[in-house]
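Peer 1: Fold the following for me, if possible:
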Amino acid sequence: MTPPERIDGAADRRTAVSSPAPGTRLAQNFWFLALVLVAMTFAVYAPMWHAGFIWDDDDHLTANPVMTAPHGLRMIWSSLTYSRYYPLTLTTFWCERRLWGLDPRPYHVINIALQAINGVLVFLILRRLRVPGAWVAACLWAVHPVNVESVAWITELKNVQSGLFFFVSLLCFLRFERARRGWWYALALTCGAAAMLSKPSTVVLPLVLLLCAWWEHGAWRRRDLLRSVPFFLLACGTSLLAIAEQHGQVVRAGTDEWKLGMAERLIVAAKAIWFYAGKTLWPVDLIFVYPRWNVRAGSIVEWMPLAAAVVMGMALWKLRGKPSGRGALFGFAFFVVALLPVLGFFSVFYFRYSYVADHFQYLASIGLITLAVAVAGAVVRQPAARCAAGAIAVAAFGALSWRHAEVFHDEETLWRDVIARNPGCLMAHNNYATVLIGQGRWEEALQQCQQALQIKPDDPVAHDNWGSVLLKTGKPREAVEQYARAVDLKPDSAEAQYNYGNALFQVGRVEEAIGHYEMAARINPNLRGLQYNLGNALLHAGRAEEAIAHYERAVLDAPDNAEARNRLATALALVGRVQEAISNYERALELRPENAEAANNLAWLLATVPAALGGDPVRAVALAEQARGRPGRHLAMELDTLAVAYASAGRFDEAIQAAEECLALAQTAGQTQLVANVQAQIDLFRAGHPYRARADVK
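Peer 2: Numbering: from 1, shown residues only. The predicted structure follows:
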């Protein structure tokens, strides 16, 4: 790259001697170039139009309780547990969830659109800094294969959204440098804050602003440093929140995978710099999860990348006085500065899987791409040859990105690709097993569990998955053994405790199941399905009052869960809170009108409680008649409810007939308790007395 021109506006002046040809004018038109860049970006990511959700999308979006909770926004902005601290990104997800639910296509379109806009913003910034080859560099970055992970993965909205605010902030700051109007500075600061609240890795913004000031003026002036102070304060606050959040995740994981000394961290940082540089300049063999390095500080070879980075930095610093050296230093410095948050100096939860990831270098790659384009432009001096070389590079990167984007189509495709390229990836085998379990492909899932245990024999997740295979295939007692092993290996795993509770409940060890459910709730009360199943176990154990609190939490997390509403109503009825029970049964039927169990339970309640508490015999009959005989239902129980409803409405002949039908079915099925109850009811009905019982349900 060459240093910027000293004459403001020189690039915009036109000579009066001759007018450029129409084709040349078009090629120099900003809006035409921006439109081409946007079109290319959408074309490259066409495979994502039919893609679905993948790993971690559940944690951020599809199964995140804040997305459906009544006070979800407040939870996002007030808790590190829910926001991870990406509150602005999760706010976007919260809004999107209300606009198009869980249809994955709009989420992918938004990511692609943001990437296209970001490409245009990069073009604007490079042009503003008078960097040669600005449009080609912006195009290469927009369609670069290392950015596929950030665009094709819905979770990485945090990258493309934070990038949008990052680039706008930088543009506003540069505009302020020229216009000297305070509102440009205020807008730059506001967008900087938005970037950091979208993803904390953008805390490098103040350092980037200082780099740009150095590039523009050749040195740092006192006013440059003063103007950067508010940005540094924002960055420090965001960094502290992010470090606290990541530290909390690391502590909860309870493993030694992050316990690196300073020597190991320096080695990881240096290796990461060269790794990312290699993937930027030669983007082949990209993997969603790269092999995790085994860092040995005692090996001289391990220190060579650090030595090379130091030598490179010193050489570029010495050459800073020359135009080419100054440009090279600027590009390389931007690359390293943008990588600082993910070089290993701070513990990042993802480092338990790998020290590097393509989405970590989303911003950083701009520096090397721009530098490479500038160097190529200096080597290839013929305009036609430059155009041809740029077109070939953009086409090649676009083709590689198209192909790589297909890997992100769905979870199965993703994990199969990771296993093929990184067979020792324990996480990939475990996650692929989970996908297979969800699809009912038990034998294949078991194979993945066994391969995971070959990699790490004491892996709790593999044992947990094995237990799930056994539980789903009707072997709950064998499943209990695998889950017990998983819990022994990792007692602070909420998932293992929860699954162990499910297996124990199925084999009738209800009190033990409750104990493990409660342990899971102490570790992670937001675990999907936990509150509902804990409520079920407590209700089964006759502890309805305790069950209510957990059902209420389940309903709070998922207000549209009809089954949770039904069970909550049942528990409320058992403790005499009849009117609340009726209200929740009605809500369950609104959510799912075909729910025969809720209809039958509500009919029983309306038929057996006084009118003062909400009893309504006429409606009870209508509901009982609707529920009767639906597929998959217990016809004897529904006939019993229908008989009681008829009797409460004074229709005793019909009540006796329904009760006798119920009695015959119950005798055939050997339901002795039901037989005794119905016989007593028939005697009451023949005497003209309606059945009156405590507020009970079926």
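
Peer 1: The stretch 1-150 of the chain: helices as residue ranges?
Peer 2: Assigned by DSSP state H, counting those that start in this stretch, the helices in the stretch 1-150 of the chain fall at 22-28, 30-44, 57, 72-78, 80-83, 87-100, 104-128, 134-142, 148-152.

Peer 1: Which one, of these, ends up nearest to residue 353?
Peer 2: Closest to residue 353 of the helices of the stretch 1-150 of the chain is helix 148-152 (Cβ to Cβ; 13.6 Å). Placement of C-beta: from N, CA and C, glycine included.

Peer 1: Now the closest one: average pLDDT?
Peer 2: The average pLDDT within helix 148-152 is 97.

Peer 1: ditto for stretch 638-655
Peer 2: The model assigns stretch 638-655 a mean pLDDT of 91.

Peer 1: so where's the stretch 551-698 of the chain shaky on pLDDT?
Peer 2: 629-634, 691-698 (pLDDT under 70).

Peer 1: Same question for the chain.
Peer 2: 1-27, 83, 246-258, 629-634, 691-698.

Peer 1: which helix in it runs the most residues?
Peer 2: Scanning the chain for the helix with the most residues, using DSSP state H, yields helix 222-253.

Peer 1: what helices or strands is that helix leaning on?
Peer 2: helix 80-83, helix 182-198, helix 205-217 (3 or more Cβ pairs under 8 Å, 6 or more residues apart in numbering; DSSP states H and E).

Peer 1: which other helices and strands contact the helix or strand that that helix is followed by?
Peer 2: Using DSSP states H and E, the helix or strand that follows helix 222-253 in sequence is helix 262-281. In terms of contacts (3+ Cβ pairs under 8 Å, 6+ apart), helix 262-281 is packed against helix 304-318, helix 323-339, helix 365-379.

Peer 1: now the angle between helix 134-142 and the longest one, please.
Peer 2: The reference is to helix 323-339. For helix 323-339 against helix 134-142, the angle by axes from the mean of the first three to the mean of the last three Cα atoms, to 10 degrees is 30 degrees.

Peer 1: What residues sit buried inside helix 323-339?
Peer 2: Neighbour-count burial for helix 323-339 flags 326-339 (criterion: 16 or more other Cβ atoms under 10 Å).

Peer 1: before we move on, what about stretch 528-541?
Peer 2: Neighbour-count burial for stretch 528-541 [16+ other Cβ under 10 Å]: 528, 530-539.

Peer 1: now, which of those sits nearest residue 345?
Peer 2: residue 528 (34.0 Å).

Peer 1: Hmm, residue 437 and residue 412 touching each other?
Peer 2: No - contact criterion Cβ atoms under 8 Å: residue 412 and residue 437 do not qualify, at 11.8 Å.

Peer 1: Those two: who's more crowded?
Peer 2: residue 437 (21 against 17; other Cβ atoms under 10 Å).

Peer 1: Ignoring the adjacent residues along the chain, who's closest to the more buried one?
Peer 2: Nearest non-adjacent residue to residue 437, counting by Cβ to Cβ, 6 or more residues apart in numbering: residue 445, 4.8 Å away.

Peer 1: any idea how far residue 98 is from residue 393?
Peer 2: Per Cβ to Cβ, to the nearest Å, residue 393 is found 41 Å from residue 98.

Peer 1: Mean neighbour count and distance to residue 649 added to the helices and strands packed on helix 222-253, as TSV?
Peer 2: Listed next are the helices and strands packed on helix 222-253 as TSV, based on neighbours: other Cβ atoms under 10 Å; distance: least, Cβ to Cβ, whole Å:
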stretch	mean neighbour count	distance to residue 649
helix 80-83	18	49
helix 182-198	20	60
helix 205-217	20	72
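
Peer 1: closest one to residue 578 among those?
Peer 2: Using Cβ to Cβ, the helices and strands packed on helix 222-253 put helix 80-83 closest to residue 578, at 35.0 Å.

Peer 1: Now find how far off-centre the closest one is within its chain.
Peer 2: On the basis of Cα atoms, centre = their mean, to the nearest Å, helix 80-83 sits 12 Å off its chain's mean C-alpha point.

Peer 1: Which elements pack onto it?
Peer 2: Packed next to helix 80-83, using 3+ Cβ pairs under 8 Å, 6+ apart, are helix 72-78, helix 222-253.

Peer 1: just checking, which of these sits deepest inside the structure?
Peer 2: Highest mean neighbour count of the helices and strands packed on helix 80-83: helix 72-78, a mean of 17 (counted as mean count of other Cβ atoms under 10 Å).

Peer 1: tell me what it is packed against?
Peer 2: Using 3+ Cβ pairs under 8 Å, 6+ apart, helix 72-78 sits against helix 80-83, helix 87-100.

Peer 1: Can you lay out these as JSON lines showing distance to residue 504?
Peer 2: Shown next, in JSON lines, are those (distance: least, Cβ to Cβ, whole Å):
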{"stretch": "helix 80-83", "distance to residue 504": "27"}
{"stretch": "helix 87-100", "distance to residue 504": "34"}
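
Peer 1: Those helices: which one's closest to residue 215?
Peer 2: helix 87-100 (28.8 Å).

Peer 1: For the closest one, C-alpha coordinates in PDB please.
Peer 2: Extracted C-alpha coordinates of helix 87-100, given in PDB (Å, rounded to 0.1, in the frame of the first residue of the first chain):
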ATOM      1  CA  PRO A  87     -27.000  -8.100  24.200                       C
ATOM      2  CA  LEU A  88     -27.500  -6.200  21.000                       C
ATOM      3  CA  THR A  89     -27.100  -9.300  18.900                       C
ATOM      4  CA  LEU A  90     -29.600 -11.200  21.000                       C
ATOM      5  CA  THR A  91     -31.900  -8.200  20.800                       C
ATOM      6  CA  THR A  92     -31.800  -8.600  17.000                       C
ATOM      7  CA  PHE A  93     -32.600 -12.300  17.400                       C
ATOM      8  CA  TRP A  94     -35.500 -11.400  19.700                       C
ATOM      9  CA  CYS A  95     -36.900  -9.100  17.100                       C
ATOM     10  CA  GLU A  96     -36.400 -11.600  14.300                       C
ATOM     11  CA  ARG A  97     -38.000 -14.300  16.300                       C
ATOM     12  CA  ARG A  98     -41.200 -12.200  16.400                       C
ATOM     13  CA  LEU A  99     -41.000 -11.400  12.700                       C
ATOM     14  CA  TRP A 100     -40.500 -14.800  11.200                       C
END
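
Peer 1: Go through that helix and flag the buried ones.
Peer 2: 87-94, 96-97.

Peer 1: contacts for it?
Peer 2: 60-61, 64, 66-68, 72-73, 76-77, 82-84, 106-107, 110, 157-158, 161-162, 194, 197-199 (Cβ atoms under 8 Å, 6 or more residues apart in numbering).
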